[in-house]
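> Here is a sequence together with a model predicted from it:
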Amino acid sequence: DAGITQSPRYKITETGRQVTLMCHQTWSHSYMFWYRQDLGHGLRLIYYSAAADITDKGEVPDGYVVSRSKTENFPLTLESATRSQTSVYFCASSESSFAAQVAKNIQYFGAGTRLSVL
Amino acid sequence: AQKVTQAQTEISVVEKEDVTLDCVYETRDTTYYLFWYKQPPSGELVFLIRRNSFDEQNEISGRYSWNFQKSTSSFNFTITASQVVDSAVYFCALSGKRYGGSQGNLIFGKGTKLSVKP
(Lines give C-alpha, C1' and ligand atoms only; values in the text may rest on other atoms or scores of the structure.)
Protein backbone atom coordinates (compact mmCIF):
# COMPACT_ATOMS: atom_id res chain seq x y z
CA ASP A 1 0.00 0.00 0.00
CA ALA A 2 1.66 3.20 -1.24
CA GLY A 3 -0.36 5.60 0.94
CA ILE A 4 0.70 9.16 0.30
CA THR A 5 3.76 9.99 -1.75
CA GLN A 6 5.49 13.25 -2.50
CA SER A 7 7.90 14.01 -5.30
CA PRO A 8 10.56 15.09 -5.64
CA ARG A 9 12.04 14.46 -2.19
CA TYR A 10 14.69 17.13 -2.75
CA LYS A 11 14.69 20.09 -5.10
CA ILE A 12 17.07 22.94 -5.69
CA THR A 13 15.92 25.82 -7.84
CA GLU A 14 16.71 29.43 -8.53
CA THR A 15 14.85 32.58 -7.66
CA GLY A 16 12.14 33.37 -10.18
CA ARG A 17 11.68 29.85 -11.52
CA GLN A 18 8.41 27.97 -11.41
CA VAL A 19 8.43 24.80 -9.33
CA THR A 20 5.74 22.17 -8.88
CA LEU A 21 5.67 19.77 -5.97
CA MET A 22 3.60 16.65 -6.44
CA CYS A 23 1.42 14.81 -3.98
CA HIS A 24 -0.39 11.56 -4.67
CA GLN A 25 -2.53 9.46 -2.34
CA THR A 26 -4.03 6.02 -2.87
CA TRP A 27 -6.69 6.06 -0.13
CA SER A 28 -9.32 8.11 -1.99
CA HIS A 29 -9.30 10.58 0.89
CA SER A 30 -11.44 13.63 0.27
CA TYR A 31 -9.31 16.12 2.14
CA MET A 32 -5.77 17.04 1.22
CA PHE A 33 -3.47 19.63 2.72
CA TRP A 34 -0.17 21.37 2.06
CA TYR A 35 1.96 22.54 4.97
CA ARG A 36 5.37 24.11 5.16
CA GLN A 37 7.76 23.48 8.01
CA ASP A 38 10.24 26.14 9.06
CA LEU A 39 12.49 26.39 12.10
CA GLY A 40 10.77 28.34 14.81
CA HIS A 41 7.36 28.12 13.17
CA GLY A 42 6.38 24.47 13.28
CA LEU A 43 4.05 23.50 10.44
CA ARG A 44 1.80 26.05 8.80
CA LEU A 45 -1.03 25.42 6.40
CA ILE A 46 -0.59 26.74 2.86
CA TYR A 47 -3.68 25.41 1.08
CA TYR A 48 -6.21 22.70 1.54
CA SER A 49 -8.75 20.90 -0.59
CA ALA A 50 -12.03 19.34 0.53
CA ALA A 51 -12.60 17.46 -2.74
CA ALA A 52 -11.70 17.55 -6.41
CA ASP A 53 -12.04 21.09 -7.79
CA ILE A 54 -12.53 22.55 -4.29
CA THR A 55 -9.55 24.36 -2.78
CA ASP A 56 -9.09 27.09 -0.20
CA LYS A 57 -6.34 29.16 1.35
CA GLY A 58 -4.66 28.44 4.63
CA GLU A 59 -2.46 30.58 6.83
CA VAL A 60 0.38 31.29 4.35
CA PRO A 61 -0.92 31.03 0.75
CA ASP A 62 0.91 33.93 -0.90
CA GLY A 63 3.15 32.86 -3.77
CA TYR A 64 1.57 29.42 -4.10
CA VAL A 65 -1.03 27.94 -6.42
CA VAL A 66 -2.81 24.60 -6.10
CA SER A 67 -5.13 22.55 -8.23
CA ARG A 68 -7.07 19.36 -7.72
CA SER A 69 -8.50 17.94 -10.91
CA LYS A 70 -8.39 14.36 -9.55
CA THR A 71 -9.09 13.19 -6.03
CA GLU A 72 -5.74 11.45 -5.70
CA ASN A 73 -3.48 14.31 -6.78
CA PHE A 74 -2.87 17.68 -5.18
CA PRO A 75 0.09 19.53 -6.78
CA LEU A 76 1.54 22.68 -5.25
CA THR A 77 3.11 25.24 -7.59
CA LEU A 78 5.44 28.07 -6.71
CA GLU A 79 4.85 30.41 -9.61
CA SER A 80 8.02 32.46 -9.14
CA ALA A 81 10.15 31.00 -6.38
CA THR A 82 11.68 33.26 -3.75
CA ARG A 83 14.36 32.54 -1.15
CA SER A 84 11.74 32.83 1.59
CA GLN A 85 10.06 29.76 0.14
CA THR A 86 13.04 27.60 1.04
CA SER A 87 11.40 25.10 3.37
CA VAL A 88 10.27 21.54 3.88
CA TYR A 89 6.86 20.95 2.36
CA PHE A 90 4.47 18.31 3.62
CA CYS A 91 1.37 17.01 1.96
CA ALA A 92 -1.31 15.32 4.05
CA SER A 93 -4.65 13.69 3.49
CA SER A 94 -7.56 12.74 5.70
CA GLU A 95 -10.55 10.53 5.23
CA SER A 96 -13.95 11.60 4.03
CA SER A 97 -16.61 12.72 6.48
CA PHE A 98 -19.43 15.12 6.89
CA ALA A 99 -18.17 18.70 7.07
CA ALA A 100 -19.15 18.95 10.72
CA GLN A 101 -16.98 15.96 11.54
CA VAL A 102 -13.89 16.83 9.56
CA ALA A 103 -12.02 18.20 12.57
CA LYS A 104 -11.75 14.71 14.06
CA ASN A 105 -10.04 13.14 11.10
CA ILE A 106 -6.48 11.94 11.44
CA GLN A 107 -4.18 13.46 8.86
CA TYR A 108 -1.57 11.21 7.28
CA PHE A 109 1.54 12.85 5.97
CA GLY A 110 3.85 12.26 3.08
CA ALA A 111 7.61 12.07 3.60
CA GLY A 112 8.09 15.71 2.68
CA THR A 113 9.92 17.65 -0.03
CA ARG A 114 12.96 19.67 0.93
CA LEU A 115 13.08 22.72 -1.33
CA SER A 116 16.00 25.11 -1.57
CA VAL A 117 15.65 28.34 -3.53
CA LEU A 118 19.00 29.90 -4.36
CA ALA B 1 -8.03 32.32 17.88
CA GLN B 2 -6.66 28.83 18.11
CA LYS B 3 -3.14 28.30 19.37
CA VAL B 4 -0.88 25.50 20.55
CA THR B 5 2.10 26.18 22.76
CA GLN B 6 4.94 23.77 23.38
CA ALA B 7 7.12 25.71 25.75
CA GLN B 8 9.95 23.18 25.77
CA THR B 9 12.06 23.72 22.68
CA GLU B 10 14.61 20.99 23.43
CA ILE B 11 14.89 18.30 26.09
CA SER B 12 17.81 16.01 26.65
CA VAL B 13 17.59 12.92 28.86
CA VAL B 14 19.59 9.80 29.49
CA GLU B 15 18.17 6.48 28.43
CA LYS B 16 15.66 4.94 30.88
CA GLU B 17 14.66 8.30 32.30
CA ASP B 18 11.01 9.31 32.19
CA VAL B 19 10.24 12.49 30.28
CA THR B 20 7.12 14.62 29.89
CA LEU B 21 6.46 16.86 26.93
CA ASP B 22 4.10 19.73 27.65
CA CYS B 23 1.35 21.02 25.39
CA VAL B 24 -1.03 23.87 26.17
CA TYR B 25 -3.76 24.89 23.77
CA GLU B 26 -6.25 27.70 23.26
CA THR B 27 -9.55 27.41 21.45
CA ARG B 28 -13.06 28.77 21.63
CA ASP B 29 -14.58 25.68 20.06
CA THR B 30 -16.57 23.44 22.39
CA THR B 31 -15.74 20.43 20.26
CA TYR B 32 -12.16 19.97 19.24
CA TYR B 33 -9.49 17.34 18.82
CA LEU B 34 -5.92 17.13 19.98
CA PHE B 35 -3.15 15.15 18.34
CA TRP B 36 0.44 14.20 18.88
CA TYR B 37 2.80 13.51 16.00
CA LYS B 38 6.36 12.27 16.03
CA GLN B 39 9.01 13.41 13.55
CA PRO B 40 12.09 11.17 13.75
CA PRO B 41 15.41 12.24 12.23
CA SER B 42 14.36 10.70 8.91
CA GLY B 43 11.83 13.53 8.62
CA GLU B 44 8.42 11.93 8.16
CA LEU B 45 5.51 12.81 10.43
CA VAL B 46 4.01 9.87 12.28
CA PHE B 47 0.62 10.02 13.97
CA LEU B 48 0.66 8.93 17.62
CA ILE B 49 -2.66 9.73 19.22
CA ARG B 50 -5.92 11.64 18.87
CA ARG B 51 -8.10 12.80 21.76
CA ASN B 52 -11.47 14.56 21.58
CA SER B 53 -12.52 17.33 23.91
CA PHE B 54 -15.16 15.21 25.63
CA ASP B 55 -12.85 12.42 26.68
CA GLU B 56 -10.57 13.31 29.57
CA GLN B 57 -9.46 9.80 30.31
CA ASN B 58 -5.74 9.34 30.34
CA GLU B 59 -4.40 6.95 27.76
CA ILE B 60 -1.52 4.54 27.99
CA SER B 61 0.09 2.72 25.12
CA GLY B 62 3.14 0.77 26.11
CA ARG B 63 5.74 3.25 27.33
CA TYR B 64 3.66 6.21 26.13
CA SER B 65 0.95 7.92 28.12
CA TRP B 66 -1.10 11.06 27.61
CA ASN B 67 -2.69 13.28 30.23
CA PHE B 68 -5.52 15.47 28.95
CA GLN B 69 -6.79 18.11 31.39
CA LYS B 70 -9.47 20.40 30.07
CA SER B 71 -9.35 22.59 33.20
CA THR B 72 -5.78 23.63 32.38
CA SER B 73 -6.09 23.26 28.57
CA SER B 74 -3.21 20.85 28.55
CA PHE B 75 -2.48 17.63 26.74
CA ASN B 76 0.85 16.36 28.01
CA PHE B 77 2.79 13.38 26.71
CA THR B 78 4.97 11.17 28.90
CA ILE B 79 7.50 8.61 27.76
CA THR B 80 8.43 6.12 30.46
CA ALA B 81 11.86 4.51 30.44
CA SER B 82 12.97 6.46 27.38
CA GLN B 83 15.03 4.81 24.67
CA VAL B 84 17.41 6.18 22.07
CA VAL B 85 14.81 5.41 19.38
CA ASP B 86 12.49 7.93 21.03
CA SER B 87 14.78 10.72 19.88
CA ALA B 88 12.66 12.88 17.61
CA VAL B 89 10.75 16.12 17.39
CA TYR B 90 7.27 15.79 18.87
CA PHE B 91 4.43 17.99 17.76
CA CYS B 92 1.17 18.67 19.51
CA ALA B 93 -1.66 19.81 17.25
CA LEU B 94 -5.22 21.06 17.55
CA SER B 95 -8.06 20.64 15.11
CA GLY B 96 -11.11 22.80 15.33
CA LYS B 97 -14.01 23.54 13.13
CA ARG B 98 -12.66 26.60 11.52
CA TYR B 99 -9.48 28.59 10.99
CA GLY B 100 -9.50 31.55 8.68
CA GLY B 101 -12.21 29.94 6.62
CA SER B 102 -10.66 26.51 6.38
CA GLN B 103 -11.93 23.44 8.13
CA GLY B 104 -10.20 20.46 9.62
CA ASN B 105 -6.66 21.66 9.27
CA LEU B 106 -4.25 21.17 12.13
CA ILE B 107 -2.83 23.97 14.21
CA PHE B 108 0.62 22.81 15.25
CA GLY B 109 2.81 23.77 18.14
CA LYS B 110 6.41 24.55 17.29
CA GLY B 111 7.55 21.15 18.47
CA THR B 112 9.82 19.79 21.20
CA LYS B 113 13.06 18.16 20.19
CA LEU B 114 13.78 15.19 22.43
CA SER B 115 17.28 13.74 22.55
CA VAL B 116 17.73 10.49 24.42
CA LYS B 117 21.36 9.68 25.10
CA PRO B 118 22.63 6.17 25.79
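Great, that's in hand.

> I'd like the average pLDDT over stretch A:82-97.
What stretch A:82-97 shows for mean pLDDT is 90.

> contacting residues around the closest residue in space to residue A:12 that isn't next to it in sequence?
In space, and not counting its chain neighbours, residue A:12 is closest to residue A:116: 4.7 Å by Cβ to Cβ, 6 or more residues apart in numbering or on different chains. Yep, even glycine has a C-beta here, placed from its N, CA and C like the rest. With contacts defined as Cβ atoms under 8 Å, 6 or more residues apart in numbering or on different chains, residue A:116 is in contact with A:11, A:12, A:13, A:86.

> per-residue confidence for residue A:116?
97.

> Next: residue A:104.
In this prediction, residue A:104 has a pLDDT value of 69.

> what residues does chain A put near chain B?
A:31, A:33, A:35, A:40-45, A:48, A:50, A:56-59, A:88, A:90, A:92, A:94, A:99-100, A:102-112, A:114 (Cβ under 8 Å from any Cβ of the partner chain).

> of those residues, buried ones?
Among these, those scoring as buried are A:31, A:33, A:35, A:42-45, A:48, A:50, A:56-59, A:88, A:90, A:92, A:94, A:102-112, A:114 (criterion: 16 or more other Cβ atoms under 10 Å in any protein chain shown).

> Please narrow the residues you listed to those residing in strands.
Under the assignment DSSP state E, these contribute A:31, A:33, A:35, A:42-45, A:48, A:50, A:56-57, A:88, A:90, A:92, A:94, A:108-109, A:114 to strands.

> neighbours around the closest residue to residue A:115 other than its chain neighbours, how many?
In space, residue A:115 comes closest to residue A:11 once its chain neighbours are excluded; the distance is 4.9 Å by Cβ to Cβ, 6+ apart. Counted with other Cβ atoms under 10 Å in any protein chain shown, residues neighbouring residue A:11 total 17.

> Next up, the contacts around residue A:11.
Contacts of residue A:11 by Cβ under 8 Å, 6+ apart are A:19, A:21, A:113, A:114, A:115, A:116.

> So it: helix, strand or coil?
Classification of residue A:11 by DSSP: H, G, I helix; E, B strand; the rest coil places it in strand.
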